[in-house]
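# Following is a predicted model, sequence given first.
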Amino acid sequence: MANGTAGAREAALYVLARCRRFDAWSQQTIQTAAEKFSLDERDTALCTKLCLDVLQNAALCDYYIGCYSSVPAAKLEPNLLDILRLGVCQLLFMDKIPVSAAVNEAVEQTKRSGSRAAGLVNAVLRKLSQNKNALPPIPDRDEAKFLSIRYSHPKWLVKRLLELLGREETEAFLAADNTAAPLTVQVNPLKTTPEALTAELEALGVRVTPHAWVPGCLELSGTGDLTALEPFRAGHFLVQDGAAALAARAAAVMPGQRVLDVCAAPGGKSFGAAFAIEDQGEILACDLHENKLKRIREGAQRLGQSV
């Protein structure tokens with residue numbers, strides 16, 4: 001396997017291919033790739049950043065690729081397009097990566113893939129890097145098309161949002177949708193309290209802030225590999241954004257009830273409902289994919305919930 005940042009880029013290419021070919025869930029695939037390519041914590045973070053940048057900005061990347069490529073982005077071989085997207089994201093969104101490293105590694109990835117298009121990759125990325133501060137403007141005559149490219153959202157969705165919200169609110173919505181959400185966790189009341197978990201995490205150097213509008217949730221930063229933390233392994237919390245944590249509250253789940261979650265993976269809402277019934281009831285968690293059900297069972301066991 002490749003090592004160092006080259007390994008992170010190879011892992012990212014693997015993730016993008018899985019997401020494209022099998023509609024894989026990106027976060028779980030990143031974890032699988034980190035193990036497959038033996039990535040350390042730093043390179044796992046780089047792989048994650050690369051993957052999310054590409055997935056969030058694919059249409060924008062394709063637009064700039066098309067500006068400098070002799071072959072339209074839509075006609076490029078999918079694996080080659082993924083390599084170019086990775087290169088574009090490094091050049092445009094990752095200031096700490098030298099231009100030479102981003103370009104050279106993309107060229108080497110192309111060669112390793114067996115493609116004969118290394119020259120095209122080199123030319124496109126070098127042209128883009130030379131024009132980084134004066135990139136071609138996105139045509140704005142078609143408002144929906146402009147916003148679709150700028151924020152990498154489907155044009156049909158942008159058109160519908162424009163009809164409902166108008167230009168200003170639509171653009172704010174699209175920008176927010178492409179902004180990384182804070183890392184939020186829900187405290188496991190079966191094992192600890194918000195105060196105790198906060199103290200436990202802060203002792204490990206994690207920065208903790210109570211969620212602004214969901215009791216029992218905390219926003220974390222500076223965690224490193226979250227799964228390596230003892231409070232995570234001990235099942236003291238689950239990773240879940242505030243909106244998802246509200247599901248059990250909105251449903252008014254109470255002890256003694258039976259709850260059906262028909263699209264449960266990866267299990268967060270089912271776990272939240274189990275917290276609400278205080279282990280005095282039944283949660284039936286269903287999903288189409290057997291491998292995802294396995295993750296639900298593993299999560300429930302970590303959190304101390306009966307399976």
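Right, received. Where do you want to start?

# Sketch out the low-pLDDT regions of the protein for me.
1-4, 307 (pLDDT under 70).

# top helix in it by residue count?
When the chain is parsed with DSSP state H, its longest helix is helix 4-22.

# residues making contact with that one?
1-2, 24, 26, 29-30, 33-34, 36-39, 43-44, 46-47, 50-51, 54-55, 78-79, 82-83, 85-86, 101, 105, 108-109, 112 (Cβ atoms under 8 Å, 6 or more residues apart in numbering). C-beta coordinates here come from the backbone N, C-alpha and C atoms, glycine included.

# How about stretch 183-198?
Under Cβ under 8 Å, 6+ apart, the answer for stretch 183-198 is 200, 208, 210-211, 215-221, 223, 226, 231, 234-242, 245, 268, 271-272, 275, 278-279, 303-305.

# Next step: those residues restricted to helices.
Counted as lying in helices by DSSP H, out of these, are 200, 231, 242, 245, 268, 271-272, 275.

# would TSV of the residues you listed with distance to residue 174 and neighbour count be doable?
Shown next, in TSV, are those (distance: Cβ to Cβ, whole Å; neighbours: other Cβ atoms under 10 Å):
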residue	distance to residue 174	neighbour count
200	38	18
231	36	21
242	21	17
245	25	24
268	25	21
271	31	27
272	29	26
275	34	21
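
# Packing partners of the helix or strand containing residue 128?
Using DSSP states H and E, residue 128 sits within helix 118-130. Secondary-structure packing of helix 118-130 (3 or more Cβ pairs under 8 Å, 6 or more residues apart in numbering; DSSP states H and E): helix 58-68, helix 78-93, helix 99-112.

# Buried among the contacts of stretch 183-198? Make that a PyMOL selection.
Buried residues within those, by 16 or more other Cβ atoms under 10 Å, are selected in PyMOL with:
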select buried, resi 200+208+211+216+217+218+219+220+223+231+235+236+237+238+239+240+241+242+245+268+271+272+275+303+305
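
# So residue 260 is in contact with residue 281, correct?
No. In this structure, residue 260 is not within contact of residue 281 by Cβ atoms under 8 Å, at 11.7 Å.

# if we can go back for a sec, return the most buried member of the helices and strands packed on helix 118-130.
helix 78-93 (a mean of 23; mean count of other Cβ atoms under 10 Å).

# where's that one relative to the chain centroid, distance-wise?
16 Å (Cα atoms, centre = their mean, to the nearest Å).

# Remind me what that helix packs against, helices and strands.
helix 4-22, helix 41-56, helix 58-68, helix 99-112, helix 118-130.

# tell me the angle the shortest one makes with helix 41-56.
Looking back up the chat, that one is helix 58-68. 80 degrees (axes from the mean of the first three to the mean of the last three Cα atoms, to 10 degrees).

# Return the alpha-carbon coordinates of helix 58-68 using PDB.
Extracted C-alpha coordinates of helix 58-68, given in PDB (Å, rounded to 0.1, in the frame of the first residue of the first chain):
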ATOM      1  CA  ALA A  58     -18.000  18.200  -7.900                       C
ATOM      2  CA  ALA A  59     -19.900  20.500 -10.400                       C
ATOM      3  CA  LEU A  60     -17.600  23.500  -9.600                       C
ATOM      4  CA  CYS A  61     -14.500  21.300 -10.100                       C
ATOM      5  CA  ASP A  62     -15.900  20.000 -13.400                       C
ATOM      6  CA  TYR A  63     -16.600  23.500 -14.600                       C
ATOM      7  CA  TYR A  64     -12.900  24.600 -14.100                       C
ATOM      8  CA  ILE A  65     -11.600  21.300 -15.500                       C
ATOM      9  CA  GLY A  66     -13.700  22.000 -18.600                       C
ATOM     10  CA  CYS A  67     -12.100  25.500 -18.900                       C
ATOM     11  CA  TYR A  68      -8.600  24.000 -19.300                       C
END
